[in-house]
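Participant: sequence below, structure please.
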Amino acid sequence: MNRRPPGLIVSKAITGFIQFKQAEGLSPRTIDSYYRDLKLWLEFQEDVEVNKITTQDIRKYLTFLINDYVPRRITGNNERRLSPKTVHNVWITLMAFFHWVSDEFQVPNIMKGVKGPKFEAPPVEPFSKEEVEALLKACDFCREAQTDRRRKFTMRRVTGYRD
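Facilitator: Down below sits the predicted model:
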């Protein structure tokens, strides 16, 4: 039976959470993303006991990410703020972390009181009529054959009807 040990600090909980997610079989990229988001949060938040973190602490962190955080990008373009989608992804990471903490150590889930930051998904551009025709043509025909003694020609693909 899991019980919250006295003095469970955030850094130890993060290690346990990452190990749990690895055991679940999540992709290495997802694990890296979780780890990066939680380490950034730990830099902002003191390494305190998990049960001492409040909903207000999480809201303050998300506000910091939206308004004041300056990302350290490899490209050097550090003046651009985080996109609303990125902040939403951090919120999802914190949701997963505190859900795990709540299940594992019977600590109340403080993220239930934190609404996710809003973001708008970019509109999807539909294909033009010409692009659709080109896609359908690509199913029927191979690319043009390059020959020395004959005219250039395009062969019909055997799998054209299926494709």
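
Participant: for the protein, which helix is longest?
Facilitator: helix 84-105 (DSSP state H).

Participant: hmm, who's touching it?
Facilitator: 2-5, 8, 13-14, 16-17, 20-21, 33-34, 37-38, 40-41, 50, 58, 62, 65-66, 107-111, 114, 116-121 (C-beta atoms under 8 Å, 6 or more residues apart in numbering). C-beta coordinates here come from the backbone N, C-alpha and C atoms, glycine included.

Participant: show me which residues of it are buried.
Facilitator: Applying a neighbour-count criterion of 16 or more other C-beta atoms under 10 Å, the buried positions in helix 84-105 are 86-91, 93-98, 100-102, 104-105.

Participant: any of the contacts of helix 84-105 buried? List them.
Facilitator: Among the contacts of helix 84-105, those classed as buried by neighbour count (16+ other C-beta under 10 Å) are 8, 13-14, 17, 21, 33-34, 37-38, 40-41, 50, 58, 62, 65, 107, 110-111, 114, 117.

Participant: which ones among the residues you listed map onto helices?
Facilitator: 13-14, 17, 21, 33-34, 37-38, 40-41, 58, 62, 65.

Participant: got those as a markdown table, with pLDDT columns?
Facilitator: Listed next are those as a markdown table, based on pLDDT from 0 to 100:
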| residue | pLDDT |
| --- | --- |
| Ala13 | 93 |
| Ile14 | 94 |
| Phe17 | 95 |
| Lys21 | 95 |
| Ser33 | 95 |
| Tyr34 | 96 |
| Asp37 | 95 |
| Leu38 | 95 |
| Leu40 | 93 |
| Trp41 | 94 |
| Ile58 | 94 |
| Leu62 | 94 |
| Leu65 | 92 |
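
Participant: and these, which is closest to Arg150?
Facilitator: Ser33 (54.1 Å; C-beta to C-beta).

Participant: distance of the residue lying closest to Phe20 once chain neighbours are set aside relative to Lys129?
Facilitator: Among residues not flanking Phe20 along the chain, Trp100 sits closest, at 6.1 Å (C-beta to C-beta, 6 or more residues apart in numbering). Separation of Trp100 from Lys129 (C-beta to C-beta, to the nearest Å): 49 Å.

Participant: now do Val90
Facilitator: The span separating Val90 from Lys129 equals 41 Å under the rule C-beta to C-beta.

Participant: likewise Arg151?
Facilitator: 29 Å.

Participant: low-confidence stretches in this protein?
Facilitator: Across the chain, the stretches falling below the confidence threshold (pLDDT under 70) are 1-6, 143, 153, 158, 160-163.

Participant: go again with 90.
Facilitator: 1-8, 45-47, 51-52, 68-84, 105-108, 113-123, 132-163 (pLDDT under 90).
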